[in-house]
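1. Predicted model and sequence follow; I will ask about them next.
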Amino acid sequence: MGRRLEDSFLAEVALLPPATRHALLVAAAAEDSSSYEVLAAARNLGLDQGDFAPAERFGLITLTAGTCKFRHPLVGSAVYDNADFGARSRVHTELAAVVVEPARAVQHRAAAVAGWDEDVVAELEVLAVTAGRRGARTEAAAVWRRAAALTSGGPASAPGRVRGVPVGGQPSDR
């Protein structure tokens, strides 16, 4: 059922102008970002608020003061999953530049990376330790997994970094 529904949404999206489809990708990648952040990232990509209008008329998305909501969560996931990595990476790069919360900016930088990036890994490590100290173990584990994926050779080659830090806390002395 989910795949058929996503295909139905994609059929509607395909009827929209290219700039509107690109604007929807910005909103889909933004997840919990405010409409102000979505519009700022869109502007950095050469889009403007008017590019969202056709999608709003179709009822696919609603932008209001501070919020950006898809009609159904599968609209956003279908748009995001249907985009190529290069387009997603450019969008995440611009979102990282405009989001207000530093933790979300780090996550967007990580989403923009295809290969190894030790600078982003270092930022993710700080984020994971912070999440673990807050007791957000699931979030910390997800961040550690992403950090491991961005480390050359994966977690096996980074015993003192990614694998050596318990989810809840301090780096080990390894």
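-> That came through fine. Numbering: from 1, shown residues only.
2. Run the chain-centre distance for the longest helix anywhere in the chain.
-> Determined from DSSP state H, the single longest helix within the chain is helix 118-134. When distances are taken as Cα atoms, centre = their mean, to the nearest Å, helix 118-134 is centred 16 Å away from the chain's centroid.
3. what comes up buried for that helix?
-> 120, 121, 123, 124, 125, 127, 128, 129, 131, 132 (16 or more other Cβ atoms under 10 Å). Glycine gets a C-beta too; all of them are placed from N, C-alpha and C.
4. I figured the third one hits residue 109, correct?
-> Read it as residue 123. Yes: Residue 123 is in contact with residue 109 according to Cβ atoms under 8 Å; the separation is 6.8 Å.
5. re the thing from before, how about the buried residues of helix 118-134 in TSV, adding distance to residue 75?
-> As requested, the buried residues of helix 118-134 are exported to TSV (distance: Cβ to Cβ, whole Å):
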residue	distance to residue 75
120	29
121	32
123	30
124	29
125	34
127	28
128	31
129	35
131	29
132	33
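6. And the furthest pair within these?
-> For the buried residues of helix 118-134, the farthest-apart pair by Cβ to Cβ is 120 and 132; their separation is 18.4 Å.
7. where does the chain have low pLDDT?
-> 1, 153-174 (pLDDT under 70).
8. What is the burial count for residue 108?
-> 23 (other Cβ atoms under 10 Å).
9. Kindly provide the distance from it to residue 50.
-> Distance of residue 108 to residue 50, computed by Cβ to Cβ, to the nearest Å: 24 Å.
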